[in-house]
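Asks: here is a sequence together with a model predicted from it:
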Amino acid sequence: MCSPQFYQTKFSKSRIQLHIHLECSPHAPTIWEIAQNNNHKLPFKTLDEFKKECVTKEPSTLSNYLKPLAWYLPLIKGNCTAIERIAYEMAEQQAREGVVYSEVHYRPANLASIIRSDGLSSAETVTYRMVLELVTKGFQRAEQDYGIKARSLLNCGRENPDEAREVLSLCEEFKDKSVVGIGLSGPWIGPNQDLEGEEGLRKEVIEVFQRAAQLGIHRTAHTGEAGPPSSVDRHVKFLHVERIGHGYRAVDDEVLYQDLLKKGIHFETCPHSSYLTGAVPANCIKHPIVKLAEDSADFSINTDDPLFTGTTLDDEYRLLQKKGLKDFHIVRANFNAAQSCFLPPQEKKDLFDHLKNVYGITGNQFCNHLNNNFLTV
């Protein structure tokens, strides 16, 4: 059996994140500084109070969990210096946590300033393209300084077809460069006769994702966090997604769950936020992530929204270990992430080979290592 020291050493050099949100990851001191420099008064007396209030302490709802966005997003929106800075600092922090590759979710619409959040026309237009360029510049600087590779995974809201089409255009133009795929986010929309189907997928948004599939653009979607299992089913069937963000509710439908396993759908799981958003009941006997691990499902372990959870990857790993995951499950999750990431083939192979080199795995040993607890490492 491998020693704890072995895994601790390896973890520090071989982590991959596939689900972390740029808008929900800025450092609290950075936000505070930006607010002071722009004479913007946050609704808190001190930085410590602001930082404390950003973190959800007890299981709540997704809307309550995301409440801090309203406090600080207007400071970043359309602020070119701030956008590049938070991208750089986020990648820097991930590098310090041992992440070698990260796919970063964000909605350009959340950071652009074509129309200001207060309804007034922006004095300086910052387009979706400019947001992407600024974020890419921040990532590139972090790669030069810390060696971490970070790529953009552009999200669009499930309620806005025009946004989806513009995001698709950027994904097509920057495919296999700074953008690795398209994602769908935003709150789950319940039954509504104006939408396509009971799960709130607009026909135009469905068409955007189907077009993305035709163009060879990778696809993921937030689902199964707030909506029912049928929501997961519809996102996979109609949007042709390869990965799902969260997806915990899928395990409640055994037929659906087995179908997802058979199709090799990747689950981008986020342990702490699963409790804090109310996606997983705090008193559940077995966390869905534990079931995924026991069933050898394709899943990764991610921090989601570090500013709101107050966690690092170490904290996410420790939580799952307390819930029953073994060290080899966590190692396998990182290999899963490498295998299911959206990098071009050669870059994916290089990343996979990097992990194999870190763990000293060669040739035919690999499958045995993944499936037999790494007993021979």
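Replies: Received, thanks. These numbers were taken from a predicted model, which means no experiment stands behind them. Numbers count the residues shown, from 1 in each chain.

Asks: show me the strands in the stretch 1-150 of the chain, by range?
Replies: Here the stretch 1-150 of the chain has its strands, by DSSP state E, counting those that start in this stretch, at 15-21, 99-106, 149-157.

Asks: Val104 touches His19, doesn't it?
Replies: No - here Val104 lies out of contact with His19, judged by C-beta atoms under 8 Å, at a distance of 9.2 Å. C-beta coordinates here come from the backbone N, C-alpha and C atoms, glycine included.

Asks: the two: who's more crowded?
Replies: His19 (28 against 23; other C-beta atoms under 10 Å).

Asks: that one: what's it in contact with?
Replies: By C-beta atoms under 8 Å, 6 or more residues apart in numbering, the contact list for His19 reads 103, 105, 245, 268-270, 300, 302, 304.

Asks: and what of Ala338?
Replies: By C-beta under 8 Å, 6+ apart, the contact list for Ala338 reads 16, 101, 348, 351-352, 355.

Asks: what's the closest of these to Val55?
Replies: Ile16 (24.6 Å; C-beta to C-beta).

Asks: any low-confidence regions in the stretch 251-377 of the chain?
Replies: By pLDDT under 70, the low-scoring segments of the stretch 251-377 of the chain are 363-377.

Asks: okay, helices next: where are they in it?
Replies: In the stretch 251-377 of the chain, the helices defined using DSSP state H, counting those that start in this stretch lie at 254-263, 271-276, 288-294, 306-309, 313-323, 327-340, 345-358, 365-371.

Asks: those into JSON lines, with extra columns for distance to Met130?
Replies: Below are the helices of the stretch 251-377 of the chain laid out as JSON lines (distance: least, C-beta to C-beta, whole Å):
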{"stretch": "helix 254-263", "distance to Met130": "37"}
{"stretch": "helix 271-276", "distance to Met130": "29"}
{"stretch": "helix 288-294", "distance to Met130": "37"}
{"stretch": "helix 306-309", "distance to Met130": "23"}
{"stretch": "helix 313-323", "distance to Met130": "30"}
{"stretch": "helix 327-340", "distance to Met130": "30"}
{"stretch": "helix 345-358", "distance to Met130": "25"}
{"stretch": "helix 365-371", "distance to Met130": "42"}
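
Asks: follow-up on the earlier one: out of the contacts of His19, who's nearest Ala333?
Replies: Ser300 (5.4 Å).

Asks: buried set for stretch 353-363?
Replies: Residues of stretch 353-363 classed as buried by neighbour count (16 or more other C-beta atoms under 10 Å): 354-356, 358-359, 361.

Asks: extract the CA atoms of it and return them as CSV.
Replies: Taking C-alpha atoms only, stretch 353-363 is exported to CSV below (Å, rounded to 0.1, in the frame of the first residue of the first chain):
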residue,chain,number,x,y,z
ASP,A,353,2.2,11.8,-20.1
HIS,A,354,3.1,14.4,-17.5
LEU,A,355,0.8,12.7,-15.0
LYS,A,356,2.2,9.3,-15.8
ASN,A,357,5.7,10.6,-15.4
VAL,A,358,4.9,12.1,-12.0
TYR,A,359,3.4,8.8,-10.8
GLY,A,360,6.1,6.7,-12.4
ILE,A,361,3.6,4.8,-14.5
THR,A,362,4.8,3.3,-17.8
GLY,A,363,3.2,1.3,-20.6
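
Asks: for the stretch 101-250 of the chain, what spans make up the helices?
Replies: According to DSSP H, counting those that start in this stretch, the helices that the stretch 101-250 of the chain contains are 108-111, 128-146, 161-173, 203-214, 229-239.
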